[in-house]
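Peer 1: Need coordinates for the following:
(chains A and B)
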There are 2 protein chains.
Amino acid sequence: MITQFHDHHLSAEALDQIFREARSYNGWLPRAVSDEQIHAIYELLKMAPTSANMQPSRIVWVKSDEARARLVECVSDGNKDKVKAAPVTALIGMDIDFHDELPWLFPHADAKSWFEGDEEGRKEGAFRNSSLQGAYLMIAARALGLDCGPMSGFDADALNAAFFADDPKVKVNFICSIGYGDQTSIFERSPRPEFSKFNTIV
Amino acid sequence: MITQFHDHHLSAEALDQIFREARSYNGWLPRAVSDEQIHAIYELLKMAPTSANMQPSRIVWVKSDEARARLVECVSDGNKDKVKAAPVTALIGMDIDFHDELPWLFPHADAKSWFEGDEEGRKEGAFRNSSLQGAYLMIAARALGLDCGPMSGFDADALNAAFFADDPKVKVNFICSIGYGDQTSIFERSPRPEFSKFNTIV
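Peer 2: Predicted coordinates:
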């Protein structure tokens, strides 16, 4: 029996926490994030859907001073202070050979064969689905009372060499600091579009 | 003053609803989804972060019998019955010329200039960030008591011609049916990885 929640809305407070009041932070309070919190984020995000359960994300959670110093060297000037102050920064990589894992991740069908010999298709699938997983990561962190600061300003080749060198089929997609956001570090929220600007119902 | 939720966890029931108990559905109960529900999903998803607030998604919500019949012609054989039965299917498109909107979407800086003349960078940004927005759409729909059925099995050229022809710089990313899931339509949940399989803390 499956638990369903038809027509049940999350509380207004919960919707505020994960969508309406959450902000992307540029600065961080000096408070640590534990390994247990990192695990708890992953335990949620891994449950959310990816195509054929491909789960292409390979995540390096940068937490030690040594790793943080290496990461600072890879990010753009505008992001160096952010990364220095963040208790954790997640490096969301993607494995373009994710199909090697499909025999156990998707036991319902021979999904591996769908991707063999199709590197372009795998690159597209890995990019789309690791991006989905990056979004789930942010919502999961917020749902557990943490804040996020996603970034795409970095030298991808340098970052891949510094953190994903032992597996050359994994490439970074984007990175996201996680911690307790400093209220003084953010600027006014950017405008959001009206429904009719970017949506149509047909 | 910004509302923060530091260390506040969503309830176990809320985490079940959006992550742990939610499933991707292949079949749908014969219950309509209203325009108000579609608007409510968008009002949540638009609040979540995209790079420089680029908001590259352009979403066509297929709801009428006429549009649904057109869509059925564009999807793969295995998805035709799913789309026929779904009350709504969201076509998540991406605008590779999203930068034209940045002067009002990101008033803090001249972000449009960052992307001018860089079509490859725009394609990458549009793909990554419209994928994030697709993930937000699914979490938002679940948070409002609806179920999702994401799909990438379709003829993209046919779908673009049928639904995005009036704006050739918009291309479909993926599609997602939304409604009240039929419990009998899903198979056993695919395995999820242990943390150590795809994560490292450094």
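
Peer 1: Could you use CA atoms for every contact and neighbour count after this?
Peer 2: Fine.

Peer 1: What segments of chain A are helices?
Peer 2: A:12-15, A:35-45, A:65-72, A:77-85, A:102-105, A:112-115, A:119-143, A:156-163, A:195-198 (DSSP state H).

Peer 1: Quick check: which of the ones you listed is nearest to residue B:8?
Peer 2: Ranking the helices of chain A by their distance to residue B:8 (criterion: C-alpha to C-alpha) puts helix A:119-143 first, at 7.8 Å.

Peer 1: May I see the buried residues of that closest one?
Peer 2: Residues A:122-123, A:125-143 are the ones in helix A:119-143 that count as buried (16 or more other C-alpha atoms under 10 Å in any protein chain shown).

Peer 1: ok, for the residue nearest in space to the middle of chain A, nearest residue in space, not its chain neighbours?
Peer 2: The centre of chain A sits closest to residue A:134, judged by C-alpha atoms, centre = their mean, with a distance of 2.2 Å. Leaving aside its sequence neighbours, residue A:134 sits nearest to residue A:92 (C-alpha to C-alpha, 6 or more residues apart in numbering or on different chains; 6.7 Å).

Peer 1: Show me what that neighbour bridges to in the sheet.
Peer 2: residue A:59, residue A:174 (DSSP bridges).

Peer 1: can you pull the contacts of it?
Peer 2: By C-alpha atoms under 8 Å, 6 or more residues apart in numbering or on different chains, residue A:92 lies in contact with A:57, A:58, A:59, A:60, A:130, A:134, A:172, A:173, A:174, A:175, A:176.

Peer 1: I'd like the residues you listed as JSON lines, with pLDDT appended.
Peer 2: Shown next, in JSON lines, are these (pLDDT from 0 to 100):
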{"residue": "A:57", "pLDDT": "98"}
{"residue": "A:58", "pLDDT": "98"}
{"residue": "A:59", "pLDDT": "98"}
{"residue": "A:60", "pLDDT": "98"}
{"residue": "A:130", "pLDDT": "98"}
{"residue": "A:134", "pLDDT": "98"}
{"residue": "A:172", "pLDDT": "98"}
{"residue": "A:173", "pLDDT": "98"}
{"residue": "A:174", "pLDDT": "98"}
{"residue": "A:175", "pLDDT": "98"}
{"residue": "A:176", "pLDDT": "98"}
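
Peer 1: Only whichever of those residues are buried, select them in ChimeraX.
Peer 2: The ChimeraX command for the buried members of the contacts of residue A:92 (criterion: 16+ other C-alpha under 10 Å) is given here:
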select /A:57,58,59,60,130,134,172,173,174,175,176
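
Peer 1: Just put the helices of chain A in CSV and tack on distance to residue B:153.
Peer 2: Below are the helices of chain A laid out as CSV (distance: least, C-alpha to C-alpha, whole Å):
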stretch, distance to residue B:153
helix A:12-15, 31
helix A:35-45, 23
helix A:65-72, 38
helix A:77-85, 38
helix A:102-105, 17
helix A:112-115, 12
helix A:119-143, 12
helix A:156-163, 30
helix A:195-198, 24
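
Peer 1: what about those helices, which gets the closest to residue B:78?
Peer 2: helix A:112-115 (14.3 Å).

Peer 1: What is the nearest of the contacts of residue A:92 to residue A:158?
Peer 2: The closest of the contacts of residue A:92, once distances to residue A:158 are taken by C-alpha to C-alpha, is residue A:172, at 10.2 Å.

Peer 1: For burial, what's the neighbour tally of the residue lying closest to the closest one once chain neighbours are set aside?
Peer 2: Leaving aside its sequence neighbours, residue A:172 sits nearest to residue A:93 (C-alpha to C-alpha, 6+ apart; 3.9 Å). Look at residue A:93: counted by other C-alpha atoms under 10 Å in any protein chain shown, it has 28 neighbours.

Peer 1: Model confidence for residue A:93, exactly?
Peer 2: Residue A:93 carries a pLDDT value of 98.

Peer 1: can you tell me which residues contact it?
Peer 2: Here residue A:93 is in contact with A:57, A:58, A:59, A:60, A:130, A:170, A:171, A:172, A:173, A:174 (C-alpha under 8 Å, 6+ apart).

Peer 1: which of the residues you listed sit farthest apart?
Peer 2: Maximum distance among those (C-alpha to C-alpha): 13.2 Å, for A:60 and A:130.

Peer 1: how deep is residue A:166 tucked in, by neighbour count?
Peer 2: Counted with other C-alpha under 10 Å, residue A:166 comes out at 10.

Peer 1: For it, grab phi and psi.
Peer 2: Backbone geometry at residue A:166, expressed as degrees, to the nearest 10, gives phi -80, psi -10.
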